[in-house]
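Engineer: Got a predicted structure here, sequence first:
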Amino acid sequence: MTTRILIADDQDDIRSGFRLVLDSQPDMVVVGEAADGVAAVEAAARLRPDVVLADIRMPRLDGLELTRRLAGPEVAAPTRVIVVTTFEIDEYVHTALRNGACGFLLKRSGPTLLIEAVRAAMAGDTLISPQVTVRLLDHLSSAAAPAAAPVADATRPAGAVHDPLTAREHEIVRLIARGHTNAEIGADLYISAGTAKTHVANIQAKLGVRNRVGIAAWAWANGHVAPGG
């Protein structure tokens, strides 16, 4: 199935560059462009894209408000929105995710991560640029840890905690906590990106977390990797 993409950015060269990268993929097609947030809302209603790439600083309506209108918790039929920006500002990341974004990329992250972010969004995952992942997780880990804490095993001595992950899954968890993508995990562990993706899905299911942020928060909260380590 072909993923239909709308690009919202006020810079012509950025839109052209993104279109070139995405249209080169056999499973992706850019169905529209918008130079400001209001035009993006109108184009999304008209074109019904699968994914919207949204810059933050745009005329008339910024990308964060655009994200809320297309993907926020009050939206009955949300659209997948990936925020793509030049600005590495923590509050932008937090606001984008609160407003329903399913990805947050820095424009300098490169074409490979852009493509992977679109595929991750279609798979229901959240991909965040490695440059900001560690700082974001540091902010969220204390809040995310209680929901992701391991379950005590009644067959073990008091104080012992059941860890459901295999040794290979622990390797992957540590790489996720350092902001690695599936492709980077595959390269580090000499496995395919598809195999890495399957491991990530299994880890999410075992830990009962929604995405990679939850996996990394679990790893930090349970001492498997130190923040920034």
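Structural biologist: It's in. Numbers count the residues shown, from 1 in each chain.
Engineer: Can you tell me the SS state at V52?
Structural biologist: Secondary structure, DSSP: H, G, I helix; E, B strand; the rest coil: V52 is strand.
Engineer: In contact with it: list those residues for me.
Structural biologist: I5, L6, I7, A8, A40, A44, L66, L70, T79, R80, V81, I82 (C-beta atoms under 8 Å, 6 or more residues apart in numbering). In this view, the C-beta of every residue, glycine as well, is placed from N, C-alpha and C.
Engineer: I'd like to know which of the residues you listed is nearest to A205.
Structural biologist: Each of the contacts of V52 was scored against A205 by C-beta to C-beta, and R80 proved nearest at 21.3 Å.
Engineer: so the closest one bridges to which residues?
Structural biologist: Note on R80: beta-bridge partners by DSSP bridges are V51.
Engineer: Hmm, it is touching A123, no?
Structural biologist: No: counting by C-beta atoms under 8 Å, R80 sits too far from A123 to count as a contact (10.2 Å).
Engineer: Tell me which of these two has more neighbours.
Structural biologist: Comparing R80 with A123 by neighbour count (other C-beta atoms under 10 Å), the higher total belongs to R80, at 22 against 13.
Engineer: any idea how far that one is from P164?
Structural biologist: Counting by C-beta to C-beta, to the nearest Å, the separation of R80 from P164 is 29 Å.
Engineer: SS state for L20?
Structural biologist: Relying on three-state DSSP, one would call L20 helix.
Engineer: dump the residue contacts of T85.
Structural biologist: Per C-beta under 8 Å, 6+ apart, neighbours of T85: D55, I56, R57, G63, Y92, F104, L105, L106, K107.
Engineer: how much space between it and L207?
Structural biologist: T85 sits 29 Å away from L207, taking C-beta to C-beta as the criterion.
Engineer: how deep is G124 tucked in, by neighbour count?
Structural biologist: Using other C-beta under 10 Å, G124 has 12 neighbouring residues.
Engineer: and it, what pLDDT?
Structural biologist: pLDDT for G124: 80.
Engineer: For it, list the residues it contacts.
Structural biologist: Contacts for G124 (C-beta under 8 Å, 6+ apart) come out as C102.
Engineer: Pull out the buried positions in stretch 183-198.
Structural biologist: Judged by neighbour count (16 or more other C-beta atoms under 10 Å), stretch 183-198 contains these buried residues: A183, E184, I185, G186, L189, I191, A193, T195, A196, K197.
Engineer: As a check, name the ranges of all helices in the protein.
Structural biologist: Taking DSSP state H as the criterion, the chain contains helices spanning 12-23, 37-47, 63-71, 90-98, 111-122, 130-148, 167-177, 182-189, 193-207, 212-221.
Engineer: Can you convert the ones you listed into JSON lines and add a column each for distance to M1?
Structural biologist: As requested, these are exported to JSON lines (distance: least, C-beta to C-beta, whole Å):
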{"stretch": "helix 12-23", "distance to M1": "15"}
{"stretch": "helix 37-47", "distance to M1": "16"}
{"stretch": "helix 63-71", "distance to M1": "20"}
{"stretch": "helix 90-98", "distance to M1": "26"}
{"stretch": "helix 111-122", "distance to M1": "9"}
{"stretch": "helix 130-148", "distance to M1": "28"}
{"stretch": "helix 167-177", "distance to M1": "27"}
{"stretch": "helix 182-189", "distance to M1": "20"}
{"stretch": "helix 193-207", "distance to M1": "17"}
{"stretch": "helix 212-221", "distance to M1": "23"}
